[in-house]
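Chemist: Task: produce atomic coordinates for the following.
(one chain, ligands or ions: 1)
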Amino acid sequence: MTDLMLPPDRLVTDTLVIRSFDVGDGPGHAEAVTASYDHLRHYMEWAKPRQSAAESELLCRRFRAQYLLRQDFVLGVFDRRSESLVGGAGFHLRGRTLATQYAEIGMWIHAAHAGRGLGTRVLVALLRWGFSEWPWQRIEWRCDEENGASRRVAEKAGMPLETRMRNDATPTGRRRNTLIYAAHRSEWDAETRLAGVLA
Ligand SMILES: CC(C)(COP(=O)(O)OP(=O)(O)OC[C@H]1O[C@@H](n2cnc3c(N)ncnc32)[C@H](O)[C@@H]1OP(=O)(O)O)[C@@H](O)C(=O)NCCC(=O)NCCS
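Modeler: Numbers count the residues shown, from 1 in each chain. Got it, this is the predicted structure:
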């Protein structure tokens, strides 16, 4: 089944469009990540104090290519009305093959939009989408134990905590305890979760 899987193009909700980054998204991406630097730098190792539109454009094109080649599925989260970028997310294989039907969701929310429930809405939307139009059987959310907002978002989206990895390391070697939350297709009741989150 996954041999021929073509990644779904986009998810449109009442307020959001969640889709692959594409040619031309660079300036908006640069604005969003630069404006969010202080908010992102603690837990997003790629964050830089200033990112140029050209750097972001190349990145968005790389994300697009990887998406089409089914290597990694990086997503932009856009406000449906204004079309501005309000965050980034993704279904990441982290070196696994599609045949494993196992993805990790990553996410950042633009500093100007954080703390208002958006991260939770995006996570719930990605879980619903991931268990309907994508082939995922297992979806993980990994976070630094000290990242209170990230932990809370996983809890609010109804992802149970499965594992606490002590003395883990980030790709650049920073030591941390990592919490792994996970949702499973066989257990996911989208309507129940959604009702709880949006009530
Ligand atoms: C983590 C992140 C994606 C959450 O998005 P968001 O839109 O701010 O999330 P929400 O508004 O839906 O929910 C945030 C929750 O965390 C809580 N929270 C915020 N800071 C917190 C902290 N330091 N400790 C504990 N809880 C905290 C908020 O009170 C809220 O919970 P509540 O609704 O029960 O009050 C966003 O803050 C972000 O981009 N952080 C930087 C990047 C990052 O850490 N990404 C995740 C990597 S795993």
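Chemist: So which residues on the chain come close to the ligand?
Modeler: For the chain, the contact set with the ligand under CB under 6 Å from any ligand atom comprises 39-40, 43-44, 107-109, 114-120, 143, 147-150, 152-153. C-betas here are computed from N, CA, C, even on glycine.
Chemist: Counting only helices, which of those residues make the cut?
Modeler: Those of the residues of the chain next to the ligand mapping onto helices are 39-40, 118-120, 148-150, 152-153, per DSSP state H.
Chemist: wait, which of those is closest to residue 179?
Modeler: Minimum separation from residue 179 among these (CB to CB) is found for residue 150, which lies at 8.5 Å.
Chemist: Which helix or which strand is home to residue 125?
Modeler: helix 118-130 (DSSP states H and E).
Chemist: Quick check: the gap between the nearest residue to residue 157 once chain neighbours are set aside and residue 101.
Modeler: Closest residue in space to residue 157, ignoring its immediate chain neighbours: residue 123 at 4.2 Å, by CB to CB, 6 or more residues apart in numbering. Computed with CB to CB, to the nearest Å, the distance linking residue 123 and residue 101 is 19 Å.
Chemist: Compare neighbour counts for those two and give me the winner.
Modeler: residue 123 (26 against 17; other CB atoms under 10 Å).
Chemist: so how far is residue 141 from that one?
Modeler: 7 Å.
Chemist: With residue 37 instead?
Modeler: 23 Å.
Chemist: Averaged pLDDT, the host helix or strand of residue 17. What do you get?
Modeler: Of the helices and strands defined by DSSP H and E, residue 17 is found in strand 16-20. Mean pLDDT, computed over strand 16-20, is 98.
Chemist: Strands along this protein, start to end?
Modeler: In the chain, the strands defined using DSSP state E lie at 10-12, 16-20, 73-79, 85-92, 102-109, 138-144, 161-169, 175-184.
Chemist: Turn these into a markdown table, including mean neighbour count.
Modeler: Shown next, in a markdown table, are the strands of the chain (neighbours: other CB atoms under 10 Å):
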| stretch | mean neighbour count |
| --- | --- |
| strand 10-12 | 15 |
| strand 16-20 | 19 |
| strand 73-79 | 22 |
| strand 85-92 | 21 |
| strand 102-109 | 21 |
| strand 138-144 | 21 |
| strand 161-169 | 12 |
| strand 175-184 | 17 |
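Chemist: In this protein, which helix is the longest?
Modeler: Assigned via DSSP H, the chain shows its longest helix as helix 53-68.
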